[in-house]
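In: sharing a model prediction with you, sequence too.
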Amino acid sequence: MLRECNKLLAGIGLLAALWGLSHLRGPEDGSWVHPAGSPRGRVRILSFRASVGTLMRGQKAQLCYGVANAKAVRISPVAAQVDPSANRCMEIGPRHTTHYTLMAIGFDGSVATRSLTVPVQSLPIEEPSPFAVARFVRR
């Protein structure tokens, strides 16, 4: 009987401990651990831009971004992995007008987003001059 009573008390104590753990709160900013030397505060997007206003199909450009207080960064629809940085650029070569979205996730769980569109134009089709066509016509 004493053994059963001890098991019951141990179970009640375990439940009370789990309940207490579930009600613990972290630091005010919501994070538990910051990497050594990392700045504190909400995530910010410092810059997000393309090196050109418009591309011709087949051309390449630079897509540049900068973030602060970010633990992770994603740019869609870019498939390559992107790392947090205050200033970084990558080469892009979209085949058609593309809408890019930068999402930075902070150490405190906050999220910042910014978007831009890179218009892509097809190469102009050159109309042959009437003189060039006449040159190749057999008489």
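Out: Sure thing, it's come through.
In: from now on I want contacts and neighbour counts done on CA atoms only, so please keep to that.
Out: OK.
In: which residues in this protein form helices?
Out: For the chain, applying DSSP state H gives helices covering 2-22, 130-136.
In: mean pLDDT lowest where, among those helices?
Out: Comparing these by mean pLDDT, the weakest confidence falls on helix 2-22, with a mean of 49.
In: separation between residue 112 and residue 87?
Out: Distance from residue 112 to residue 87, counting by Cα to Cα, to the nearest Å: 16 Å.
In: those two - which one has more neighbours?
Out: residue 112 (16 against 13; other Cα atoms under 10 Å).
In: just give the nearest non-adjacent residue to that one, would you?
Out: In space, not counting the residues next to it along the chain, residue 112 is nearest to residue 104; the distance is 5.3 Å by Cα to Cα, 6 or more residues apart in numbering.
In: tell me the contacts of that neighbour?
Out: Counting by Cα atoms under 8 Å, 6 or more residues apart in numbering, residue 104 touches 43-45, 67, 70-74, 84, 111-113.
In: output the below-cut-off pLDDT ranges for the protein.
Out: Across the chain, the stretches falling below the confidence threshold (pLDDT under 70) are 1-40, 124-139.
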